[in-house]
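K.L.:
Below is the sequence, then the predicted model.
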Amino acid sequence: MVQHLWVTYNDIHNLIRKSTPEIARSFNPDLLIAIGGGGFFPARVMRTLLREETTNKTLQIQAIGLSLYEPVTGTSVEKLGEEVIRTQWLGPETQKLLVGRRNLIVDEVDDTRKTLHYAVSELQKDVEKELLSYPEDQRAALREATKFGVFVVHNKKKPKLAEIDSSIPYFSGADVDDVWLEYPWEATNIEEHDERAGRPAN
Ligand code: 5GP
């Protein structure tokens, strides 16, 4: 039977708070890309904490929506991307968004890693598209200046079904066993949720 772990808003806030100094020091993002819906709250909290950690700048948060389709048995590694579908993506008004920036992708949980794999590889394709609107002789330097990083609140310690480019900095608030995490934004009764998390509700 799958074990469930109830986490409170405060638990999540504190995991983000604990991770932020290292993210600010070693990656220093200048754009947050939240994967919806679970990455929205963590990205918003991270913005506040990064602002405190850095030179008071308020980062822009862009949102992308991804949904994981259960694979049909026998799916090959090459088809992994096809199991994730986009429900929302960066808009056309963001044609010069990623290039030259240090883009931190934020999600709540890294389970099989398929969603993060898809997000990173599609955003890298977007960088190549954006680069076409720059003079050719500037593209190599701009490509080099464009960075991606990943932050998840929870990373499940389990064999992953997809990989993220090893050059991409990866931060997790906590590494957990292969349990089912119950997030507060999915609760209809937050007091009951917090009680199950073993803490008195505020
Ligand atoms: P992936 O398998 O691609 O790493 O994760 C896909 C998505 O499944 C996550 O973004 C998240 O929305 C959902 N998911 C995976 N594991 C959990 C979990 O333990 N709890 C909840 N609430 N959602 C999960």
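P.N.:
Arrived safely, thanks for sending. None of these values were measured; they are calculated from a predicted model.

K.L.:
what about the protein, any weak spots by pLDDT?
P.N.:
70-82, 93-94, 199-202 (pLDDT under 70).

K.L.:
Contact residues of the protein facing the ligand?
P.N.:
Contacts of the chain with the ligand, taken as Cβ under 6 Å from any ligand atom, map to 38, 68, 107, 109-115, 180-181, 183, 186. C-beta coordinates here come from the backbone N, C-alpha and C atoms, glycine included.

K.L.:
Give me the distance from stretch 88-96 to the chain's centre.
P.N.:
18 Å (Cα atoms, centre = their mean, to the nearest Å).

K.L.:
Same question for that stretch: list its buried residues.
P.N.:
Neighbour counts using 16 or more other Cβ atoms under 10 Å place Leu90 of stretch 88-96 among the buried residues.

K.L.:
Lys18: how many residues sit nearby?
P.N.:
Using other Cβ atoms under 10 Å, the number of residues around Lys18 comes to 12.

K.L.:
again, but for Ile16
P.N.:
Neighbours around Ile16, by other Cβ under 10 Å: 24.

K.L.:
My understanding was that it contacts Arg47; is that so?
P.N.:
No - assessed by Cβ atoms under 8 Å, Ile16 is found out of contact with Arg47, at 10.0 Å.

K.L.:
and the host helix or strand of Glu191, what does it pack onto?
P.N.:
Per DSSP states H and E, Glu191 falls inside helix 190-196. For helix 190-196, the packing partners by 3 or more Cβ pairs under 8 Å, 6 or more residues apart in numbering; DSSP states H and E come out as strand 4-6.

K.L.:
picking that back up, among the residues of the chain next to the ligand, which pair sits farthest apart?
P.N.:
Arg113 and Glu186 (20.9 Å; Cβ to Cβ).

K.L.:
I'd like to know which of the residues of the chain next to the ligand are buried.
P.N.:
Here, 16+ other Cβ under 10 Å leaves 38, 107, 109-115, 181, 183 buried among the residues of the chain next to the ligand.

K.L.:
Does the residue at the greatest distance from the centre of the chain belong to a helix, a strand or coil?
P.N.:
Residue farthest from the centre of the chain, counting by Cα atoms, centre = their mean, is Asp137 at 32.0 Å. Using DSSP: H, G, I helix; E, B strand; the rest coil, the three-state assignment for Asp137 comes out as helix.
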